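> What follows is a predicted structure for the sequence shown.
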Amino acid sequence: GSTACMQLEDCSGTDITCDITGWLLYLQSANAATTPALCAAGTADAAFFTYLGANGNETLADICATRDGGTIVAGRTTADIASLNGITPTVAYNAGNDALIIKLNSVNAVEWYSFAGGAGNEDFFAVTETSDGGFVAVGESSAAVATIDGKAPLLAFQSDPDMLVVRYTATGSEDWWTYVGSSGASNDEALGVVELAGGGYVVGGHAGDLAGMPVANLSTFSGSNFDMTFIKFSTTGTIEWYRSFGSTVNEQSRELIAAADGGFVSGGLGLGNMTNVGGVTPIIGRHGGQDTVVSKFSATGALEWFTFLGANPGNHTANSITEMADGSLIVGMDANAAVATLDGKTPLNIYNTNDIYLAKLTASGALEWHTFLHSTASENVAHVVALTDGNFLVGGTAGADIATLNGFTPLNAYSANSDMLLVKMQPDGTQIWYSFVGAAGDDEAQGLAATQDGGFILTGLSNSNITNLGSLSPLLGVTNANDGFVLRGGVDGPF
């Protein structure tokens with residue numbers, strides 16, 4: 001998950017502050033009672049798609065629209081990319097899986113790209129633009145790397161794997177980077193990052209007991225293999241606080257968004273019961289199996305509320321969360337079992353088989369509605385994102401055709417195997433349109449973000465050779481079996 005802040009002007013030339021929270025654009029003007037209109041963004045808003053890759057397998061896990069009209073994507077590659085669109089990397093590929101970050105400019109050409117890695121395997125899972133025009137990318141590393149771009153880590157590597165956090169300048173050089181990890185056999189991964197309005201960055205994921213951290217834990221590690229873990233960094237990489245959040249089993253934070261009040265919200269999963277955490281009790285209690293856990297924290301890391309979403313039996317896992325203009329939250333989950341009722345409410349659409357599961361919460365965590373999206377095969381959700389027109393978009397992957405969905409037919413038909421799936425919805429859970437993106441191979445959505453014109457940008461991986469989407473041809477063609485994929489679409493559909 002990611003957040004970016006920027007300074008823009010409205011069409012009259014008045015300065016406005018834009019806080020992209022969970023990729024939702026809020027526009028605030030000191031003397032305006034209503035949201036001012038955005039000026040046209042020119043070619044930055046034109047639809048396009050492109051492949052990004054070379055001889056290895058590339059996965060682009062996260063994407064963010066940048067203040068200069070461009071795009072930042074992050075993920076990994078299994079092999080060297082000696083050049084990309086005529087550009088050579090800022091930091092060269094090393095070995096194995098290297099973390100990969102790519103910046104596209106406002107006309108969708110590669111501006112710069114860079115690797116982060118060593119002899120082991122490194123991945124980026126999330127990226128955000130920072131208020132000074134730089135970027136923070138987070139993920140994991142399986143082995144120690146002595147230096148990246150000539151810089152040593154602020155904190156040393158502990159054990160396989162550790163969290164990996166890299167701060168980049170606007171031009172792609174490393175500003176600072178660090179590991180965060182426990183010394184035991186736990187699995188430490190950073191899966192989300194946000195910049196807070198008050199400054200600095202919160203990184204979220206899961207980790208074991210971080211007893212060797214330079215500051216004390218705000219809470220107590222549960223003693224399980226890993227807890228949800230949140231770490232606050234200053235802009236220079238100093239750890240200001242961290243906290244664990246979990247039961248005696250395992251919990252994981254899978255995405256973070258910055259909240260309008262200056263705090264942050266986590267969406268993730270929990271395997272154990274938490275009935276009272278520091279005096280805070282859940283709004284909806286645990287159901288059993290693997291439940292979604294949504295939790296709200298202050299800017300200083302204090303837990304404000306949390307809730308469970310799911311049913312027993314079954315696994316219900318949050319992959320994404322986004323904040324709407326009124327402060328309400330849309331949670332995107334994978335479900336392998338029905339939820340007949342949740343907090344006394346029946347779903348708008350019933351469960352079928354391995355479905356996308358959506359829920360809307362109020363700003364204080366109460367359930368408004370929940371629903372399923374499905375075919376007769378399996379679907380999963382990669383991201384949900386609030387759009388600037390007040391609606392939201394669901395991005396995921398479908399394993400089979402969906403001939404109709406809630407009375408709608410797709411804007412672009414299903415192709416074969418796994419296709420990317422996009423569903424645009426209203427805040428009340430009703431549908432506006434849906435569409436497939438794919439070809440003869442397997443095409444999977446990974447990251448999704450809003451654009452200033454009410455459209456979106458999508459990233460993921462593709463082993464299909466998609467030669468056209470509507471009237472569009474790829475800016476860069478496919479190079480190997482599995483390439484990174486980026487698509488920019490409009491308010492009325494993907495192309």
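Structure received. Numbers count the residues shown, from 1 in each chain.
> okay, and the helix or strand of the protein with the least pLDDT?
Here the helix or strand of the chain ranked lowest by mean pLDDT, DSSP states H and E is strand 24-28, holding a mean of 31.
> Averaged pLDDT, whatever helix or strand comes next after that one. What do you get?
With elements assigned by DSSP states H and E, the helix or strand that comes after strand 24-28 is strand 48-52. Regarding strand 48-52, the rounded mean pLDDT is 96.
> residues in contact with strand 48-52?
58, 60, 73, 84, 102, 108, 110, 462, 466, 469, 472, 474-479, 483-488, 495 (C-beta atoms under 8 Å, 6 or more residues apart in numbering). To be clear about C-beta, it is placed using only N, CA and C from the backbone, and glycine gets the same treatment.
> Flag the shaky bits of the protein, pLDDT-wise.
Within the chain, the stretches with pLDDT under 70 are 1-45, 185.
> for the stretch 351-495 of the chain, what spans make up the strands?
355-361, 367-373, 379-386, 392-398, 419-425, 431-437, 443-450, 456-462, 483-489 (DSSP state E, counting those that start in this stretch).
> Now mean neighbour count and distance to Leu218 too, for these, in a markdown table please.
Output for those, formatted as a markdown table (neighbours: other C-beta atoms under 10 Å; distance: least, C-beta to C-beta, whole Å):
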| stretch | mean neighbour count | distance to Leu218 |
| --- | --- | --- |
| strand 355-361 | 26 | 24 |
| strand 367-373 | 20 | 28 |
| strand 379-386 | 26 | 29 |
| strand 392-398 | 26 | 32 |
| strand 419-425 | 27 | 36 |
| strand 431-437 | 20 | 41 |
| strand 443-450 | 26 | 30 |
| strand 456-462 | 26 | 34 |
| strand 483-489 | 27 | 37 |
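> Out of those, which gets nearest to Leu309?
Among the strands of the stretch 351-495 of the chain, the nearest to Leu309 by C-beta to C-beta is strand 355-361 (5.5 Å).
> so what strands line up beside the closest one?
Sheet neighbours of strand 355-361, with direction, are listed as strand 329-335 (antiparallel), strand 367-373 (antiparallel) (DSSP bridges).
> Thr467 - how many residues pack around it?
Thr467: 11 surrounding residues under other C-beta atoms under 10 Å.
> coming back round to it: would you mind putting the strands of the stretch 351-495 of the chain into TSV with distance to Ala190 alongside?
TSV is the format used below for the strands of the stretch 351-495 of the chain (distance: least, C-beta to C-beta, whole Å):
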stretch	distance to Ala190
strand 355-361	24
strand 367-373	29
strand 379-386	17
strand 392-398	21
strand 419-425	25
strand 431-437	28
strand 443-450	15
strand 456-462	18
strand 483-489	20
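> For Arg67, which of those strands is the nearest?
Proximity to Arg67 (C-beta to C-beta) singles out strand 443-450 among those, at 12.8 Å.
> The closest one versus strand 431-437: what angle between them?
130 degrees (axes from the mean of the first three to the mean of the last three C-alpha atoms, to 10 degrees).
> Now do strand 443-450: distance to the chain's middle.
9 Å (C-alpha atoms, centre = their mean, to the nearest Å).
> what packs against that strand?
When contacts are defined as 3 or more C-beta pairs under 8 Å, 6 or more residues apart in numbering; DSSP states H and E, strand 443-450 packs onto strand 58-65, strand 379-386, strand 392-398, strand 419-425, strand 456-462.
> coming back round to it: identify whichever of the strands of the stretch 351-495 of the chain lies nearest to Cys64.
strand 443-450 (5.3 Å).
> contacting residues for Phe226?
Phe226 sits next to Ser186, Asn187, Asp188, His206, Ala207, Gly208, Gly246, Asn250, Glu251, Gln252 when contact means C-beta under 8 Å, 6+ apart.
> The nearest residue in space to Tyr168 that is not next to it in sequence bridge partners, please.
Once flanking residues are discounted, Tyr168 sits nearest to Phe135: 4.4 Å by C-beta to C-beta, 6 or more residues apart in numbering. Beta-bridge pairing for Phe135 (DSSP bridges): Glu129, Tyr168.
> Just send the strands paired with strand 355-361 back as a markdown table, with distance to Ser219 too.
Shown next, in a markdown table, are those (distance: least, C-beta to C-beta, whole Å):
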| stretch | distance to Ser219 |
| --- | --- |
| strand 329-335 | 23 |
| strand 367-373 | 26 |
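> Which one, of those strands, ends up nearest to Val91?
Closest approach to Val91 among these (C-beta to C-beta): strand 329-335, 33.0 Å.
> got the angle between that closest one and strand 392-398?
Strand 329-335 runs at 10 degrees relative to strand 392-398, counting by the same axes, to 10 degrees.
> Grab the CA positions of strand 329-335 and hand them over as CSV.
Coordinates of each C-alpha in strand 329-335 appear next as CSV, following Å, rounded to 0.1, in the frame of the first residue of the first chain:
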residue,chain,number,x,y,z
LEU,A,329,-13.1,2.1,4.2
ILE,A,330,-13.4,-0.5,1.4
VAL,A,331,-11.6,-3.8,2.2
GLY,A,332,-10.7,-6.2,-0.6
MET,A,333,-10.3,-9.8,0.5
ASP,A,334,-10.0,-13.4,-0.8
ALA,A,335,-12.5,-15.9,0.5
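> Can you give the distance of it from its chain's centre?
Worked out by C-alpha atoms, centre = their mean, strand 329-335 lies 12 Å from the chain centre.
> Next, the contact list for the closest residue to Leu458 other than its chain neighbours, please.
Excluding the flanking residues, the one nearest Leu458 by C-beta to C-beta, 6+ apart is Leu487, at 4.6 Å. Residues counted as contacts of Leu487 (C-beta under 8 Å, 6+ apart) are Ala47, Phe48, Phe49, Val437, Ile457, Leu458, Thr459, Leu469, Pro494, Phe495.
> Quick one: neighbours of Ile321, just the number.
Neighbour tally, Ile321, other C-beta under 10 Å: 28.
> Asn273 and Ser222: what is the separation?
11 Å (C-beta to C-beta, to the nearest Å).
> Which one's more surrounded, these two?
Legend: neighbour count by other C-beta under 10 Å for Asn273 and Ser222, higher for Ser222 (21 against 15).
> And that one, how far from Lys345?
30 Å.
> for Ile457, same thing?
Taken as C-beta to C-beta, the span from Ile457 to Lys345 is 33 Å.
> Spatially, and excluding backbone neighbours, which residue is closest to Leu422.
Of all residues not flanking Leu422 in the chain, Ser435 sits nearest, at 5.0 Å (C-beta to C-beta, 6+ apart).
> Quick one: residues contacting the one you found.
Pro410, Leu411, Asn412, Leu421, Leu422, Gly493, Pro494.
> By neighbour count, which of those residues wins?
For the contacts of Ser435, the largest number of neighbours (other C-beta under 10 Å) sits with Leu421, at 30 neighbours.
> State the number of residues packed around Pro161.
Neighbour count for Pro161, taken as other C-beta under 10 Å: 23.
> Let me see the contact set for it.
By C-beta under 8 Å, 6+ apart, Pro161 lies in contact with Asn121, Glu140, Ser141, Ser142, Gly181, Asn187, Asp188, Glu189.
> Those in helices, which ones?
For the contacts of Pro161, not one is inside helices, with DSSP state H as the criterion.
> would you list the residues you listed in TSV and tack on distance to Phe233?
Listed next are these as TSV, based on distance: C-beta to C-beta, whole Å:
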residue	distance to Phe233
Asn121	23
Glu140	17
Ser141	17
Ser142	22
Gly181	15
Asn187	21
Asp188	16
Glu189	16
